[in-house]
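>>> the amino acid sequence is not available; the structure is as follows:
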C-alpha cells in the first residue's frame, strides 16, 4: 500500500492537529478577504482556514477507508477503490478531478495522478468508495500458489 498502517496513523494525527489549529484560526481570519481560487479548481471563494479544514477532512476520510480495507483482509475477495469526484462547481465536478472520476483500482494501487486517493488539490471534496470484489475459485488458488 505504500505507507504502513503506523505511518498513516501518524499522518492522521498530524492532520488532526493541523485541523484543530486551522479551526482555532478561523476567528482571527474571519476578517480576511476570501480568496477566489476558481481559475484553479472552479470552486467558490474561501478563506485559507476553510480550505485547510476541507482538505484535511477529505484526507482523513480517504485514509480511514484505506485503513479499514487493510484491517479487513480476505482470502476470497479483493478490495478495490473508486474515485468519486465532489460537486464543487455548478457542473458538479472540479476540473482537476474530472480525469479521476469513476476510476477504479486495487486498494494497494495509485490513481492516474499518483495519489492513493483524495485530496488532489486544496479544498478537494472528492472521496473514494471501497468495494469488495469476490474472487473466482481459480483466482483464489492462484493467490495461494503464489504465497
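Yep, that arrived. All values reported here derive from a predicted model rather than from experimental measurement.

>>> from here on, contacts and neighbour counts on C-alpha atoms
Will do.

>>> ranges for the helices of this structure?
Taking DSSP state H, the helices of the chain run over residues 5-29, 38-41, 48-71, 137-146.

>>> dihedrals phi and psi, residue 74?
phi -140, psi 140 (degrees, to the nearest 10).

>>> what about it, how many neighbours?
13 (other Cα atoms under 10 Å).

>>> and residue 129, by the same measure?
Residue 129: 14 neighbours (other Cα under 10 Å).

>>> thinking it is in contact with residue 69, fair?
No - under the criterion of Cα atoms under 8 Å, residue 129 is not in contact with residue 69, lying 10.9 Å apart.

>>> that older thread, and the helices of the chain, which one is worst for confidence?
Confidence, taken as mean pLDDT, is least for helix 38-41 of those (a mean of 51).

>>> tell me the contacts of residue 101?
For residue 101, the contacting residues are 82-85, by Cα atoms under 8 Å, 6 or more residues apart in numbering.

>>> could you check how far residue 80 is from residue 67?
13 Å (Cα to Cα, to the nearest Å).

>>> comparing the two, which shows the higher neighbour count?
residue 80 (19 against 16).

>>> excluding its backbone neighbours, what's nearest the more buried one?
Spatial nearest neighbour of residue 80, chain neighbours left out: residue 106 (4.2 Å); criterion: Cα to Cα, 6 or more residues apart in numbering.

>>> cheers, nothing more for now.
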